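Student: Need coordinates for the following:
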Amino acid sequence: MIKIRKSGERGHFNHGWLDTHFTFSFADYFDPQHVQFRTLRVLNDDRVAPGAGFPEHPHRDMEIVTYVLEGGLEHRDSMGNGSVIRPGDVQYMSAGSGVTHSEFNPSKTDPLHLLQIWMFPQAKGLKPVYDQKTFTEAEKRGKLRLVVSPDGREGSVKIRQDNELYATLLGPGEVVKHELKPERHAYVQVARGSVKLNGKALEEGDGAAISTEKSVELTGVKDAEVLLFDLP
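Tutor: You can find the predicted model right below:
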């Protein structure tokens, strides 16, 4: 079963400095039919104006992954971490027992486009953790590159949940396939471009919740960047 979530069906707010789309209920947007999918709780598609961002704020008991598509994101947190995350980087923060952080677009001229991902942890009250890794275009071109996993295999970012996250870059006609184990589910998000998912058309911003399928096949239509979550 594949349930497509079209880009225009998502929650949308434009605050001027922030133009954002919510796949799942978040902040002032609530849709009882789209609160979460399995252990995936938040999937926000954020565009942040130059010089703007999110001032210091707290989190707890959430696995947070940031995937930058364009521009740079300046991160600082109460664990003492500070960096600028750019396309190709995957940033991870396990909020655990509690952490505060801020995120800004440090450029005075360039826009910032990112995907903000929250996942439920396997346990609450753990010590906060931070990690950040870079995955080149070559690693993702025409293949599914594992970037997040529960065991950190293949050089992926290790998280505290039985979720896997793959990233791929597909040109027209390029195909990748992911086998789903029994009782596993998937969520696909098209970050840019367009693809076919098991023969179904998906455009930029579209997502799809997948259950009771044996595999997920993605075929590039227009140059595309796609995230695929493998979930319990």
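
Student: my guess is residue 31 contacts residue 25, does it?
Tutor: Yes - Residue 31 lies in contact with residue 25 (CB atoms under 8 Å); the separation is 5.5 Å. Heads up, the C-betas are built off the backbone N, CA and C, glycines and all.

Student: Of these two, give the one with the bigger neighbour count.
Tutor: residue 25 (17 against 14; other CB atoms under 10 Å).

Student: What residue, apart from its backbone neighbours, is nearest that one spatially?
Tutor: The shortest distance from residue 25 to any non-neighbouring residue, by CB to CB, 6 or more residues apart in numbering, is to residue 35 (4.8 Å).

Student: So residue 176 lies in a helix, does it not?
Tutor: No - using DSSP: H, G, I helix; E, B strand; the rest coil, the assignment for residue 176 is strand, not a helix.

Student: Neighbouring strands - and their directions - for the strand ranked longest in the chain?
Tutor: When the chain is parsed with DSSP state E, its longest strand is strand 215-231. Applying DSSP bridges, strand 215-231 is found paired with strand 164-170 (antiparallel), strand 175-179 (antiparallel), strand 185-197 (antiparallel).

Student: Pick the most deeply packed of the ones you listed.
Tutor: strand 164-170 (a mean of 23; mean count of other CB atoms under 10 Å).

Student: nearest residue to residue 32 other than its sequence neighbours?
Tutor: Nearest one to residue 32, counting by CB to CB, 6+ apart, is residue 25 at 7.8 Å.

Student: ok so, going back, I'd like to know how many residues surround the residue nearest to residue 25.
Tutor: Residue 35 has 11 nearby residues by other CB under 10 Å.

Student: and the gap between it and residue 227?
Tutor: 20 Å (CB to CB, to the nearest Å).

Student: that older thread, find the residues that touch each one of residue 31 and residue 25.
Tutor: The contact sets of residue 31 and residue 25 overlap at residue 11 (CB atoms under 8 Å, 6 or more residues apart in numbering).

Student: so what's the residue lying closest to residue 48 once chain neighbours are set aside up against?
Tutor: The shortest distance from residue 48 to any non-neighbouring residue, by CB to CB, 6+ apart, is to residue 112 (4.2 Å). Residue 112 is in contact with 46, 47, 48, 49, 50, 68, 70, 71, 72, 73, 105, counting by CB under 8 Å, 6+ apart.

Student: Count the neighbours of the fourth one for me.
Tutor: The number of residues packed around residue 49, counting by other CB under 10 Å, is 16.

Student: Can you report how many residues lie near the residue nearest to it when sequence neighbours are not counted?
Tutor: Take residue 49 and drop its neighbours on the chain: the residue closest to it by CB to CB, 6+ apart is residue 17, 4.6 Å away. If you count neighbours by other CB under 10 Å, residue 17 ends up with 14.
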